[in-house]
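Student: with the input below, show me the fold.
(chains A and B)
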Amino acid sequence: NAGVTQTPKFQVLKTGQSMTLQCAQDMNHNSMYWYRQDPGMGLRLIYYSASEGTTDKGEVPNGYNVSRLNKREFSLRLESAAPSQTSVYFCASVGTGVHEQYFGPGTRLTVT
Amino acid sequence: QKEVEQNSGPLSVPEGAIASLNCTYSDRGSQSFFWYRQYSGKSPELIMFIYSNGDKEDGRFTAQLNKASQYVSLLIRDSQPSDSATYLCAVRRSGSARQLTFGSGTQLTVLP
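Tutor: Numbers count the residues shown, from 1 in each chain, chains lettered A, B, ... in the order given. Predicted structure coming up:
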């Protein structure tokens, strides 16, 4: 049982490049989330998926897109990276009747 | 006004003392309240959650909730150096897809 996994762990992009951050969970959770964490800003919700087949915007969705590929996988795409997207990205999931959101290990992204 | 506010700290306490962490929230419709601990470079992990007014104890940790005053606190008794971390307060609003709104975190250092 790996919990929530994220790939890659680290990434450096040039401005304008694109990339997809991958997230998968093996806990049969319905809901999945993407957050970004900047120094002094706490965690801010980018997008979430309440269940397979649905996605919704969070607090800071601009510049991102998501895909809920199946119940296990939820990916985050940066179409044209900007330095303002330099951050640590966390994926999380939660199951029905469970209180805890489980977090992945994070992806540290730098955009130059 | 931020939805969830925490004193950013840093907060320093001597080993064995009580550490008190505070959090206020703006949405009176908030239903559930969470405290996460995050070690440097790691992902957040849940310490406690509370949804009823009053105190909830788990080992050395006590969460306190006062919905009338819109605050939630975390007390850590007999603080240990291993408790040194950033503590994140999170709030779940009513009717939400179980998404959380996080405060910016309080950095705690326990001095040996």
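
Student: okay, CA-based contacts and neighbour counts for the rest of this
Tutor: Noted.

Student: let me see the contact set for residue B:24.
Tutor: Counting by C-alpha atoms under 8 Å, 6 or more residues apart in numbering or on different chains, residue B:24 makes contact with B:4-6, B:70-72.

Student: tell me the pLDDT at whichever residue of chain B sits closest to chain A?
Tutor: Using C-alpha to the nearest C-alpha, the single residue of chain B nearest to chain A is residue B:104, 3.7 Å away. Predicted confidence (pLDDT) at residue B:104: the value is 93.

Student: list the beta-bridge partners for the nearest residue to it once chain neighbours are set aside.
Tutor: What sits nearest to residue B:104 in space, not counting adjacent residues and going by C-alpha to C-alpha, 6 or more residues apart in numbering or on different chains, is residue A:42, at 3.7 Å. Applying DSSP bridges to residue A:42 gives these bridge partners: residue A:38.

Student: verify the stated contact: residue A:42 with residue B:101.
Tutor: No - between residue A:42 and residue B:101 there is no contact, the gap being 9.3 Å when judged by C-alpha atoms under 8 Å.

Student: which non-adjacent residue is nearest residue B:22?
Tutor: Residue B:22's closest residue in space is residue B:73 (C-alpha to C-alpha, 6+ apart), at 4.4 Å.

Student: returning to that earlier point: SS state for the residue of chain B closest to chain A?
Tutor: Counting by DSSP: H, G, I helix; E, B strand; the rest coil, the backbone at residue B:104 sits in coil.

Student: and what of residue B:2?
Tutor: Under three-state DSSP, residue B:2 comes out as coil.

Student: quick one: contacts for residue 82?
Tutor: Answering for chain A, as no chain was given. Applying C-alpha under 8 Å, 6+ apart, the residues near residue A:82 are A:14-16, A:111-112.

Student: not what I meant, chain B
Tutor: The contact partners of residue B:82, taken as C-alpha under 8 Å, 6+ apart, are residue B:110.

Student: leaving out chain neighbours, which residue sits closest to residue B:6?
Tutor: In space, residue B:6 comes closest to residue B:23 once its chain neighbours are excluded; the distance is 4.7 Å by C-alpha to C-alpha, 6+ apart.
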